[in-house]
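A.B. asks: need coordinates for the below:
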Amino acid sequence: MNHIEFEELLNRYLRGDITASEEKLIETWYASIKHTDPDLTQIEREAIKQRVLSGLKAHKAKTKSGPVLIPNFPWTPVFRVAATFGVIAIVFTSLVFIKSFFPIDRPLQISWHIVKNMSERDSVIALSDGTTVSLKKESSFRYPEAFNKEIRTVELINGEAFFNVKRDVKHPFIVLSKNVKTQVLGTSFTVNSNVEGGVVVSVKTGKVLVTTSDAANKKTSVYLTANQKIDYNPKSNQITPSIVAKPTQLVSKEELKDYSFSNSSTADVFRAIEKIYGIEILFDESKLSKCLVTTYLNSGEDLFQRLNIICKAIGATYRIDDLSIIIEGNGC
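C.D. replies: This next block holds a predicted model:
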């Protein structure tokens with residue numbers, strides 16, 4: 001549950017419109033935050049306390065429904081007695097959201113950077129964990145000065161960016177872009193957020209988990225690996241998986257030397273292409289294995305150009321079906 005969903009739950013709590021399990025969740029949360037946090041110094045605790053009190057006083061001046069009771073610290077259960085959204089939101093923001101996204105040694109020095117690239121070249125941003133972000137022209141990106149202890153969260157506000165994420169299995173890296181969340185441990189991928197609200201996530205190396213959510217909080221998730229992408233349509237909340245326009249080779253130049261074929265079965269060639277690009281190739285082996293070709297799979301070549309040449313030589317065709325390539329032909 002993110003902080004927006006939690007705030008909505010708190011609103012319903014105050015209206016008395018929640019289930020018993022939701023009520024228990026809120027009271028458990030409140031019990032957890034009212035105790036002293038050993039990671040905070042006394043000065044930091046006092047500063048947070050003053051923030052809460054200041055927010056309550058400001059809320060009291062604006063409310064028309066009567067006075068707001070301000071509890072003395074340590075906090076007591078105020079939800080049933082004098083709860084207002086002001087105290088809940090401020091406490092939640094101060095103790096949960098801020099501490100979750102910023103390092104403990106600087107909980108009161110929140111520092112987010114927003115970058116908009118107005119130049120003709122890519123703007124390269126180095127994050128505190130060693131991750132690099134290449135921001136395209138007219139794109140905006142938001143990131144913290146330092147990540148917290150559990151997750152690494154950034155936001156692509158609009159435009160396109162390529163992420164080369166420093167691998168850290170204990171701290172997932174998350175990119176938020178509109179209603180799309182992309183989560184990885186360490187990989188390289190591109191996120192493109194267009195003006196119509198659509199989002200495209202393309203993976204160059206590694207594996208990513210892409211999750212979308214609509215207005216009703218209905219979530220859809222899909223895993224992507226190298227040379228795969230998804231297109232997200234915000235109007236239908238649909239995710240369409242496919243192969244990237246220009247797949248990259250996943251093996252080294254040295255390994256490519258082994259992929260030279262002379263009068264070889266096309267079945268062997270297609271299996272080699274499948275391994276080099278990490279893309280599933282489906283074909284009827286009983287028909288195509290007798291077709292012989294001579295070819296070599298050199299470095300940097302275009303996958304689809306190579307497929308065109310091979311298919312033309314054996315009288316076959318190919319088509320892309322979601323995340324696979326299907327070869328169709330009558331054989332030789």
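
A.B. asks: use CA for all of it now, contacts and neighbours both
C.D. replies: Will do.

A.B. asks: I326: what's it in contact with?
C.D. replies: Taking CA atoms under 8 Å, 6 or more residues apart in numbering, we find I326 in contact with 281-283, 318-320.

A.B. asks: check these and tell me the two furthest apart.
C.D. replies: F283 and I320 (12.2 Å; CA to CA).

A.B. asks: neighbour-wise, which of those two wins?
C.D. replies: Applying other CA atoms under 10 Å to F283 and I320 shows that F283 carries more neighbours, namely 16 against 12.

A.B. asks: out of everything not next to it in sequence, what's closest to the more buried one?
C.D. replies: Leaving aside its chain neighbours, F283 sits nearest to I327 (5.0 Å; criterion: CA to CA, 6 or more residues apart in numbering).

A.B. asks: these two touch, right, that neighbour and K287?
C.D. replies: No. Shown here, I327 and K287 do not form a contact pair, counting by CA atoms under 8 Å, at 10.8 Å.

A.B. asks: more neighbours, those two?
C.D. replies: I327 (18 against 14).

A.B. asks: kindly confirm my reading that that one is in a strand.
C.D. replies: Yes. Counting by DSSP: H, G, I helix; E, B strand; the rest coil, I327 is part of a strand.

A.B. asks: how about the contacts made by it?
C.D. replies: Taking CA under 8 Å, 6+ apart, one finds 281-284, 311, 316-319 in contact with I327.

A.B. asks: Throw the contacts of I326 into JSON lines and include distance to V208 and pLDDT, thanks.
C.D. replies: Output for these, formatted as JSON lines (distance: CA to CA, whole Å; pLDDT from 0 to 100):
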{"residue": "I281", "distance to V208": "21", "pLDDT": "96"}
{"residue": "L282", "distance to V208": "24", "pLDDT": "96"}
{"residue": "F283", "distance to V208": "28", "pLDDT": "95"}
{"residue": "Y318", "distance to V208": "27", "pLDDT": "96"}
{"residue": "R319", "distance to V208": "25", "pLDDT": "96"}
{"residue": "I320", "distance to V208": "21", "pLDDT": "95"}
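
A.B. asks: which ones among these are found in strands?
C.D. replies: The strands, defined by DSSP state E, take in 281-282, 318-320 from the contacts of I326.

A.B. asks: by neighbour count, sort out the buried ones in those residues.
C.D. replies: By neighbour count, with 16 or more other CA atoms under 10 Å, those hold 281-282, 318 as buried.

A.B. asks: now the nearest residue to Q228 once chain neighbours are set aside: how far from K275?
C.D. replies: Once flanking residues are discounted, Q228 sits nearest to I243: 4.6 Å by CA to CA, 6+ apart. Note on I243: its distance to K275, by CA to CA, to the nearest Å, is 15 Å.

A.B. asks: the two: which is more packed in?
C.D. replies: I243 (20 against 15).

A.B. asks: touching, the more buried one and T225? I think so.
C.D. replies: No. Proximity of I243 to T225 does not meet the contact threshold set by CA under 8 Å, at 10.0 Å.

A.B. asks: where do the helices sit along the stretch 201-332 of the chain?
C.D. replies: 253-256, 266-277, 285-288, 303-314 (DSSP state H, counting those that start in this stretch).

A.B. asks: nearest to E120, out of those helices?
C.D. replies: Closest approach to E120 among these (CA to CA): helix 303-314, 29.3 Å.

A.B. asks: what pLDDT, on average, does the lengthiest strand in the chain get?
C.D. replies: Once the chain is assigned using DSSP E, the strand that runs over the most residues is strand 152-164. For strand 152-164, mean pLDDT rounds to 95.

A.B. asks: and stretch 214-232, average pLDDT?
C.D. replies: Per-residue pLDDT over stretch 214-232 has a mean of 87.

A.B. asks: who's in contact with that stretch?
C.D. replies: 179-180, 198-213, 234, 237-244, 246-248, 277-279, 323.

A.B. asks: may I have the beta-bridge partners of the residue nearest to F283?
C.D. replies: Beta bridges link I327 to Y318 when assigned by DSSP bridges.

A.B. asks: mind checking how far it is from D302?
C.D. replies: For I327, the distance to D302 - CA to CA - is 17 Å.
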